[in-house]
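Sequence first, predicted coordinates after that:
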Amino acid sequence: MDIVALGESMVTLIPTHPGPLSDVPAFSRAIGGAESNVACAMAALGHSARWVSRVGTDGFGQCVTAGVAEYGVDVSTVRRDPSRPTGVYFRTAADRGSGAHEVAYYRAGSAASAMSPANVDMNAVRDCRILHLSGITAALSADCHALLHRLTAPAADRPLISFDINHRPALWRGKDAARTLLELARRADIVFVGEDEAAQVWGVTGGPGAIRRLLREPGVLVVKQGAWGATAFHRQAQGAHEPTATVNAVPEGTFEPSPTVTAVSAIGAGDSFAAGYLSATLRALPLRQRLRHGHLLAAATLTTPTDLAPPPTRAHADHLAALDDAAWGRLRLAPRWTQTARAPEEANTP
């Protein structure tokens with residue numbers, strides 16, 4: 001497989017009207033899961049992808065598994081647990097970044113929370129070029145944490161480990177999120193973290209360079225800076241051990257601004273960014289183009305109300321990612337921009 005993503009996916013119940021959960025009369029059903037979102041987006045981009053997880057034998061488990069499979073993702077190693085339910089969560093229609101956003105999780109004791117090194121097919125997980133994990137899984141249970149600890153252990157034959165911090169405060173109540181997430185991030189090869197997440201989890205402020213000083217170990221660190229852009233730090237393998245004299249030095253990162261996007265909803269954009277970046281990584285594209293592909297996939301999701309959106313065609317994305325700086329800066333992406341080879345919002349690009 002090009003990529004394997006391991007983590008919990010749940011049935012998501014989304015209000016049919018805006019407002020607080022206490023006032024919403026009806027909900028529509030969807031599926032949600034950070035890791036499966038990445039797998040689905042990668043499959044839509046033409047990569048071979050597998051999702052590894054556990055679901056209940058209930059109808060919701062069937063719904064989630066079938067929904068992920070519809071994207072072309074291999075779900076053959078998803079296990080059905082007859083004694084535990086599939087997780088469910090409710091959220092408001094408001095974006096996560098607003099104070100009005102509410103999330104109610106019903107995932108304690110779920111089938112996925114029982115994942116462990118003993119009941120997950122480790123060969124199926126490791127049979128890939130990139131293994132994508134996130135901090136959400138580590139928060140679900142001690143067994144899930146042990147599984148991620150095992151998968152991120154140094155080994156000569158392990159795949160490239162991609163780790164998204166994906167801090168969800170509601171899942172970490174009573175647990176040491178800072179220590180656990182830092183430990184796992186330092187064992188990964190590619191790490192994605194939001195500037196706001198780093199401040200919330202570790203109290204790190206001062207920009208991407210300060211975050212890199214905390215996370216020196218990963219070969220690649222991508223710091224997401226919201227609508228402004230993203231900065232990537234890339235270390236060549238031979239530079240893994242820094243001289244003591246330069247312990248406080250941080251190589252300059254590569255910053256790439258986001259295009260201007262008419263956003264509908266921010267939910268799922270981080271997962272799409274990771275998929276775009278990882279897809280470009282598998283294609284060995286230059287670092288700046290990896291960041292641009294991340295931005296473009298995020299823009300596809302930002303301009304739709306769902307967690308996942310049809311990505312631009314590879315030719316379309318490659319054309320935009322190859323624009324010169326001036327043309328990239330003029331780029332304007334609005335809803336439905338991925339549905340044509342050259343959207344009106346790109347009228348000023350060459």
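Arrived safely. Numbers count the residues shown, from 1 in each chain.

make it CA atoms for all contacts and neighbour counts henceforth
Will do.

A strand includes residue 89, no?
Yes. Per DSSP: H, G, I helix; E, B strand; the rest coil, residue 89 lies within a strand segment.

Three-state assignment for the closest residue to it other than its chain neighbours, please.
Distance criterion C-alpha to C-alpha, 6 or more residues apart in numbering; nearest residue to residue 89, sequence neighbours excluded, is residue 105 at 4.4 Å. The three-state label given to residue 105 by three-state DSSP is strand.

was I right about residue 168 contacting residue 136?
Yes. Counting by C-alpha atoms under 8 Å, residue 136 is a contact partner of residue 168 at 6.8 Å.

who's more crowded, those two?
Applying other C-alpha atoms under 10 Å to residue 168 and residue 136 shows that residue 136 carries more neighbours, namely 23 against 14.

before we move on, which element is that one in?
Residue 136 is part of helix 135-140 when elements are defined by DSSP states H and E.

how much distance is there from the next helix or strand after that helix to the middle of the chain?
Reading on from helix 135-140 to the C-terminus, the next helix or strand found by DSSP H and E is helix 142-151. Computed by C-alpha atoms, centre = their mean, to the nearest Å, the chain-centroid distance of helix 142-151 equals 19 Å.

and if you look at stretch 70-79?
18 Å.

and the end-to-end length of it?
17 Å (C-alpha to C-alpha, to the nearest Å).

Next, the buried residues of that stretch.
Buried residues in stretch 70-79, counting neighbours by 16 or more other C-alpha atoms under 10 Å, are found at 71, 72, 73, 74, 75, 78, 79.

and that stretch, what's its mean pLDDT?
The average pLDDT for stretch 70-79 rounds to 97.

Which other helices and strands does the helix or strand containing residue 301 contact?
Per DSSP H and E: residue 301 is located in helix 287-302. Using 3 or more C-alpha pairs under 8 Å, 6 or more residues apart in numbering; DSSP states H and E as the contact test, the elements touching helix 287-302 are strand 229-234, strand 254-257, helix 269-282, helix 314-321.

any weak-confidence spans in the stretch 201-350 of the chain?
Residues of the stretch 201-350 of the chain meeting the criterion pLDDT under 70: 236-250, 340-350.

mind redoing it with 90?
Applying pLDDT under 90 to the stretch 201-350 of the chain picks out residues 235-252, 263-268, 303-310, 336, 338-350.

Likewise for the stretch 1-150 of the chain?
Using pLDDT under 90, the stretch 1-150 of the chain drops low at 14-20, 24, 30, 32, 89, 91-105.

Skip the chain neighbours and tell me the closest residue to the residue most central in space within the chain.
For the chain, residue 271 is the residue whose C-alpha lies nearest the centre (C-alpha atoms, centre = their mean; 3.0 Å). In space, and not counting its chain neighbours, residue 271 is closest to residue 38: 5.5 Å by C-alpha to C-alpha, 6+ apart.

Just the CA trace of the helix holding residue 301, in PDB.
This file holds the C-alpha atoms of helix 287-302, laid out as PDB (Å, rounded to 0.1, in the frame of the first residue of the first chain):
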ATOM      1  CA  LEU A 287       9.100  20.800  -0.600                       C
ATOM      2  CA  ARG A 288       7.300  23.900  -1.600                       C
ATOM      3  CA  GLN A 289       5.100  22.000  -4.000                       C
ATOM      4  CA  ARG A 290       4.300  19.500  -1.200                       C
ATOM      5  CA  LEU A 291       3.100  22.400   0.900                       C
ATOM      6  CA  ARG A 292       1.100  23.800  -2.000                       C
ATOM      7  CA  HIS A 293      -0.600  20.500  -2.600                       C
ATOM      8  CA  GLY A 294      -1.500  20.400   1.100                       C
ATOM      9  CA  HIS A 295      -3.000  23.900   0.800                       C
ATOM     10  CA  LEU A 296      -5.000  22.900  -2.400                       C
ATOM     11  CA  LEU A 297      -6.500  19.800  -0.800                       C
ATOM     12  CA  ALA A 298      -7.400  21.800   2.300                       C
ATOM     13  CA  ALA A 299      -9.000  24.400   0.100                       C
ATOM     14  CA  ALA A 300     -11.100  21.700  -1.500                       C
ATOM     15  CA  THR A 301     -12.500  20.800   1.900                       C
ATOM     16  CA  LEU A 302     -12.700  24.400   3.200                       C
END
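
can you give me how far that helix is from the chain middle?
Distance of helix 287-302 from the chain centroid (C-alpha atoms, centre = their mean) equals 12 Å.

about what we covered before: so which elements touch the helix holding residue 136?
Against helix 135-140 (3+ C-alpha pairs under 8 Å, 6+ apart) you get helix 142-151, helix 177-186.

contacting residues around the residue lying closest to residue 79 once chain neighbours are set aside?
Spatially, and ignoring its direct neighbours in sequence, residue 79 is nearest to residue 54 (4.7 Å; C-alpha to C-alpha, 6+ apart). By C-alpha atoms under 8 Å, 6 or more residues apart in numbering, the contact set of residue 54 is 8, 78, 79, 80, 81, 111, 112, 114, 115.
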